[in-house]
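Asker: Turn this into a model:
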Amino acid sequence: MLQNNSLLAQLKQNLRETTPRVEGVIKATDRGFGFLETDDGESYFVPPPAMKQVLHGDRIEAIVHEDGDKRSVEPETLIETGMKRFVARVQLREGRLAVIPDHPSVKNVLKARLKNTLDEASIGDADWVVARLVRHPLKPDDRAFFTQIDELVAKSHDPAVPWRVTLARHALEQECPDAGDDWPLRDEGLERVDITDEPFFTIDGEKTRDMDDALRVVSREDGGWSLSVAIADPTAYVEEGHAADLEARTRAFTVYLPGQNVTMLPEPLADDLCSLWENRERPVLACTLEVNADGSLGGYRFFAATMRSHAKLAYDRVSDWLEGLGDWTPADEIGKQLKALEAMTLARAAWRAEHALVFKDRPDFVFDLDDAGNVLDIRTEERRIANRMIEESMIAANACCARLLSEHVGHGIFNVHRAFEPEKAEAAQEFLASQDIQVEREQLTELPRYTELKRELEGRDDAWLDARLRRFQGFTSMSALPGPHFGLGLAAYATWTSPIRKYGDMVNHRLIKRVLKGEQAPAEATQSLTDQLTERRKLNRMAERDVKDWLYVRYLTPAAEAQETFEAEIINVNRGGMRVRLTANGATAFIPAPMMHSDRAKVAIDDKEGRIQIEGEERFKLGDVIRVALIEAREETRSLVGRPVE
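Answerer: Below you'll find the predicted structure:
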């Protein structure tokens, strides 16, 4: 008997070893079936019965079945679920508790129970909750999906649902930190220069409260400029290791959402004691840097100071005045500086365009909301001269910070951006060669050579080429060690100009102060801190995008009902269709392939090349500007659907 069991086990093992298997991630569709996509780009069909054992985003191992040229898979082993923690809506039916995950690709109704600390009476039908998966059919001894509700996020009727749900989805804090109102100025052993009589000024948005940079500019006799940048100094109040510091470290950034900010520091610091309000003395960390007549940077000097802003200016008013518009006029001394700062900005931009790189100007889209969170209007704010004046000043100041930290400390918090990661450089090189652009590997991986290539490519003004090339490029990350920032074309870049809203800038402030006091620098930031800063910045940007998508759907629902048309740019092409951005307001919409032609078979989509053919003729490609009619606004998925207009 034992021998028979052993033979049976051996036969099963042999069968397992000879049965083809594949590992990948489940991608669900709204038609019941799905696909298993492998890391190397292969795709396998998952039939509807098999999809009942998995959820969108699950990483699994599956058995491959082949029938002629058709391949399908049967889920066998769960490697990692894609739904560990998720936001969902409650479904109460005849006393039975269930949740529906808030995800466009997950339609499953999952049985649920309440965490024992939650009151059953507090949870109602359609309320928003945070849940987690505790059972999965592919796990040993589990026969079905089962979840636990851990947290009530918002009642179904709460007008703050878009904000609360989005912050909960990304596990971000819902409220500003609470750390009391008593914040005495610390004795740090720093000599602070009194510059309160010097006419510094701020330029921000009309409603900005956390003003962390003020400027003073003097024209030099040789044609250059002396620019002094005074930056708010929260580390003058918050000692390293203090509860507020540890909380700021966890949050990493202030979260800016339409209609709501969730600050990194307690509001008494962020909006009052550290904010550079007009006519109020404030401790600052400052830098005076020299800008030569050709826009190049000369020497610099960092110092601690006490300053007082002499004017709170607004972007639009400053731009109007410099452009000869409007009826606002600054005081004479401030006006003289604004003219000088404009000239310096133009020189710096010209120098960076020739020797480094300059980002293309893109407008900002501002949501005007009422007290209930309804969108009244979406305004377009162009990057005008006043915005560019502040931007160029901050880039110059941060470049000086990178030099100081690199030369005197050897580490800090640096923004590092490599245009092409080494593993993608070869593919990028092959792509450029396919476009008759012959480049050497060094032009993709070495900063001086890359800046030359980038300026050459920008001279072509080819939107499709720009969009395709971005697929090979990497993202900006935080690093404890200096490294190049290919996006700016700079050898190193370290920000210190936004310490009210960025924890990495607080770290750099403390290092700069060590240099000023002649103290030995501490050990460099850990990998866990730089990884956390990078990840939190990503989450903040996703949260901002998600809230905007929700508000866009609400705002544009009447336009979709009327099938209103808009100008739009094609920003992505995938197997199912193309995604476009409306140039009037920044909203994104998806155009499914069936909306491009009544016969889907006549639509050929090349998602790798970003091109779409209809009846054998190329009709759309990445970067094209087309006319689009909105046809549907789906609040349940926060998505807009459109169709191309001839």
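
Asker: Which strand or helix spans Ile390?
Answerer: helix 385-408 (DSSP states H and E).

Asker: continuing past that helix, what's the next helix or strand?
Answerer: Helix 385-408 is succeeded, C-terminally, by strand 414-416 (DSSP H and E).

Asker: Tell me the spacing between the residue nearest the centre of the chain and Trp496.
Answerer: Centre of the chain computed as the mean C-alpha position; nearest residue by CA atoms, centre = their mean is Arg541, 3.0 Å away. Look at Arg541 and Trp496: by CB to CB, to the nearest Å, they are 21 Å apart. Glycine gets a C-beta too; all of them are placed from N, C-alpha and C.

Asker: Kindly report the same for Glu221.
Answerer: 30 Å.

Asker: So for those two, which residue has more residues nearby?
Answerer: Higher neighbour count among Glu221 and Trp496: Trp496, with 29 against 5, using other CB atoms under 10 Å.

Asker: tell me the contacts of the more buried one?
Answerer: 231, 285, 397-398, 401, 505, 508-509, 512 (CB atoms under 8 Å, 6 or more residues apart in numbering).

Asker: If we use 7 Å, what do you get?
Answerer: Contact analysis of Trp496 by CB atoms under 7 Å, 6 or more residues apart in numbering lists 231, 398, 401, 505, 508-509, 512.

Asker: wait, which of those is closest to Val64?
Answerer: Asp505 (51.4 Å; CB to CB).

Asker: What's the separation between the closest one and Ile512?
Answerer: 10 Å.

Asker: For this protein, which segments are assigned as helices?
Answerer: With DSSP state H as the criterion, the chain has helices at 2-18, 48-51, 161-169, 243-251, 267, 315-322, 332-355, 385-408, 422-434, 442-445, 447-460, 463-470, 503-517, 527-561.

Asker: Show me the contact partners of the fourth one.
Answerer: This means helix 243-251. Residues outside helix 243-251 that contact it (CB under 7 Å, 6+ apart): 173, 177, 179, 238-239, 264-266, 503, 506.

Asker: Also the third one?
Answerer: Helix 161-169 is contacted by residues 87, 102, 128, 130, 153-154, 158, 174, 257, 260, 373, 543, 546-547, 550-551 when judged by CB under 7 Å, 6+ apart.

Asker: What count of nearby residues applies to Gln263?
Answerer: Actually, residue 263 is Thr rather than Gln. Thr263: 23 neighbours (other CB under 10 Å).

Asker: swap that for Arg501, please
Answerer: Quick note: Arg501 (other CB under 10 Å) scores 23 neighbours.

Asker: how far does stretch 244-259 sit from the chain's center?
Answerer: Its chain's C-alpha centre and that of stretch 244-259 lie 14 Å apart, by CA atoms, centre = their mean, to the nearest Å.

Asker: tell me the mean pLDDT over that stretch?
Answerer: Looking at stretch 244-259 alone, the average pLDDT works out to 96.

Asker: With stretch 34-53 instead?
Answerer: If you average the pLDDT over stretch 34-53, you get 93.

Asker: So for the contacts of helix 243-251, which is the shakiest by pLDDT?
Answerer: The lowest pLDDT within the contacts of helix 243-251 belongs to Ala179, with 77.

Asker: ok, now how distant is that residue from Leu97?
Answerer: For Ala179, the distance to Leu97 - CB to CB - is 38 Å.

Asker: Repeat that for Arg471.
Answerer: According to CB to CB, Arg471 and Leu97 sit 44 Å apart.

Asker: Name the residue in the two with the higher neighbour count.
Answerer: Using other CB under 10 Å, the more surrounded residue of Arg471 and Leu97 is Leu97, with 17 against 14.

Asker: Would you state the predicted confidence (pLDDT) at that one?
Answerer: pLDDT, Leu97: 95.

Asker: Then the one 5 residues further on?
Answerer: Looking at Asp102, its pLDDT reads 95.

Asker: Check Asp546 too.
Answerer: Reported pLDDT for Asp546: 97.

Asker: Around the closest residue in space to it that isn't next to it in sequence, how many other residues sit close by?
Answerer: In this structure, Asp546 finds its nearest non-sequential neighbour in Thr166, 4.5 Å apart by CB to CB, 6 or more residues apart in numbering. Neighbourhood size, Thr166 [other CB under 10 Å]: 24.
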